[in-house]
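A.B. asks: Just to be clear, the model below is a prediction. Sequence and coordinates:
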Amino acid sequence: MSAKLVQGYEVVIGFETHAQLSTQSKIFSRAPTAFGAEPNTQACAVDLALPGTLPVMNLGAVERAIELGLALGSHIAERSVFARKNYFYPDLPKGYQISQFEIPVVQGGEVAFMLGDEKKTVRLVRAHLEEDAGKSLHEDFIGQSGIDLNRAGTPLLEIVTEPDMRSSDEAVAYAKKLHEIVTWIGICDGNMQEGSFRCDANVSVRKPGAALGTRREIKNLNSFKFMQQAIDYEVRWQIEEIEDGREIQQATVLFNPDTGETRAMRTKEDAADYRYFPDPDLPPLVIGRDWVERVRSEMVELPWVMAARFCADYGLPEYDAATLTQSMAMAAYFEATAKACGQPKLASNWIMGEVSRRLNSGELAFAQLPVSSTQLAALIGRIADGTISNNAAKQVFDALWSDGDEVDAIIDAKGLRQMNDSSALEAIIDEVLAANAKNVEEYKAGNAKAFNALVGQAMKASKGKANPAQVNDMLKQKLG
């Protein structure tokens, strides 16, 4: 859905994203956070809220929050406060969730990204630390539900935006960029299927220039595809409701991917409904400037900084540099290949082209690439020195992907070396010119297609082993 008006309405979207932090233990206890354990085997006394237990802040969770704030140009609060968010639900053992309300640890900042050729910026309100709740299990039981408290106390960073997005396309582009950032700096593994990166979209519509409409929150969107489908459906539904004379009621809704529809789960609560108050068991979180600077000094190079360096150091176009820095694995693979072969633009072309195509067709992550940067560099080197043609290089790459042999061994085994002997090639070209006098006459009369026909005949006579560029040059010399 584009940013243009939809049936005369403007779409307004804000996001709340829960990023599970990549700590080994929970935010207020030493219980592990590993995914997939048997239910209720990773919940300790603190997570279960047994009498007499007290929460203790996880240092690693705080440092990951600082990293995000630094990456997004946010203000890192020197003093932030934890609060109790009160509500009753079976998977919340304490009857409240420890979160942050009035004074979050990360304040402001922005996420910039490209939507087509247009640069977009989404402002952040805040990012606050909080614990996750447990999980209700309905599928494995008949007539009853189970409770798994393994997730209870898992550290989350909730990242809240201003309502700056105006289409589902823009919302998905924002979510993908945020996903790229949190995985790049290593604070979250980004696994949406396992719930490590969960997005809630607040969607409303309004006539241009009117006050903001009533929003409905689509909860727990765990794929970019479903995110777009859910927002588009919700927009259409809200417009139809308004056009039919009905008012939109603030609500929390769920998206059903099987039907492609959203449905109301409950009326939406406001902050007052949660009766927030400072948690008396946790002192204020104090973050000194020296701590922030230490974290900054230990952070990885940010993707947009690396992209600028790729342009400066390797002479890459901005588009190439931005594409190659979409993931840490891809960027590292490019840089290793470029340094090994000394052909950065060729390396970029191959990685964005054939390498990415093969990964996408096999639904593989970049870390699963079976061709090493050393092998790709050797292949590119053989293209650059004229040993093989581009077409032959694709055959070599296929063999590398399947068998993992050495580049030169594959070239020799398949007989792919180009004919670079100028005397042998000259003899072939002389024979082609003698046998195709009509094409020669047509070319000299101004027919460019006749020249291509002569090139084709020369390549055929050499059984595809002639260097096409050399064939072109020698033919032009012969034909004057």
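C.D. replies: Looks like it came in fine.

A.B. asks: Assess the claim that S327 and T183 are in contact.
C.D. replies: Yes - because the distance of 7.3 Å satisfies C-beta atoms under 8 Å, S327 is recorded as touching T183. C-beta coordinates here come from the backbone N, C-alpha and C atoms, glycine included.

A.B. asks: The two - which one has more neighbours?
C.D. replies: Each of S327 and T183 had its neighbours counted (other C-beta atoms under 10 Å), and the higher figure belongs to T183 (20 against 17).

A.B. asks: which SS class is that one?
C.D. replies: helix (DSSP: H, G, I helix; E, B strand; the rest coil).

A.B. asks: Let me see the confidence value for it.
C.D. replies: The predicted local confidence for T183 comes out at a pLDDT of 96.

A.B. asks: Equivalent analysis for G480, please.
C.D. replies: G480 is assigned a predicted lDDT (pLDDT) of 69.

A.B. asks: again, but for N420
C.D. replies: On pLDDT, N420 comes in at 65.

A.B. asks: Each with direction, which strands does the lengthiest strand in the chain pair with?
C.D. replies: Assignment by DSSP state E gives strand 118-131 as the longest strand of the chain. Sheet neighbours of strand 118-131, with direction, are listed as strand 106-107 (antiparallel), strand 110-115 (antiparallel), strand 155-161 (antiparallel) (DSSP bridges).

A.B. asks: how about the ones you listed in JSON lines, adding mean pLDDT?
C.D. replies: Output for the strands paired with strand 118-131, formatted as JSON lines (pLDDT from 0 to 100):
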{"stretch": "strand 106-107", "mean pLDDT": "98"}
{"stretch": "strand 110-115", "mean pLDDT": "94"}
{"stretch": "strand 155-161", "mean pLDDT": "98"}
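
A.B. asks: Run a quick neighbour tally on Q368.
C.D. replies: 10.

A.B. asks: Identify the residues contacting it.
C.D. replies: The neighbourhood of Q368, defined by C-beta atoms under 8 Å, 6 or more residues apart in numbering, consists of L359.

A.B. asks: now M165
C.D. replies: Neighbouring residues of M165 by C-beta under 8 Å, 6+ apart: 11-15, 122, 171, 174.

A.B. asks: could you redo the last one with a cut-off of 6 Å?
C.D. replies: By C-beta atoms under 6 Å, 6 or more residues apart in numbering, the contact list for M165 reads 13, 171.

A.B. asks: And it, how far from V172?
C.D. replies: Distance from M165 to V172, counting by C-beta to C-beta, to the nearest Å: 9 Å.

A.B. asks: And for Q343?
C.D. replies: Counting by C-beta to C-beta, the separation of Q343 from V172 is 35 Å.

A.B. asks: And these two? Which one has more around it.
C.D. replies: Neighbours per residue (other C-beta under 10 Å) separate Q343 from V172, with V172 holding more: 21 against 18.

A.B. asks: give me the element the residue nearest to the spatial centre of the chain is part of.
C.D. replies: Against the mean C-alpha coordinate of the chain, by C-alpha atoms, centre = their mean, the closest residue is E180 at 4.1 Å. Element membership for E180, per DSSP states H and E: helix 168-184.

A.B. asks: same thing with A393?
C.D. replies: Going by DSSP H and E, A393 is part of helix 390-403.

A.B. asks: buried sites along the helix holding E180?
C.D. replies: Along helix 168-184, the positions that meet the burial threshold by neighbour count (16 or more other C-beta atoms under 10 Å) are 168-175, 177-184.

A.B. asks: go on, stretch 192-208?
C.D. replies: Of the residues in stretch 192-208, those buried under the neighbour-count criterion (16+ other C-beta under 10 Å) are 192, 195-206.

A.B. asks: Burial check on Q375, number of neighbours?
C.D. replies: The burial metric for Q375, expressed as a neighbour count using other C-beta under 10 Å, is 21.

A.B. asks: mind checking the SS state of it?
C.D. replies: Put simply, Q375 is helix when judged by three-state DSSP.

A.B. asks: Confirm that Q457 lies within a helix, as I assumed.
C.D. replies: Yes - under three-state DSSP, Q457 falls within a helix.

A.B. asks: ok, for it, nearest residue in space, not its chain neighbours?
C.D. replies: Across the structure, with C-beta to C-beta, 6 or more residues apart in numbering as the measure, the residue nearest Q457 apart from its sequence neighbours is V432 (4.7 Å).

A.B. asks: Fine, thanks again, bye for now.
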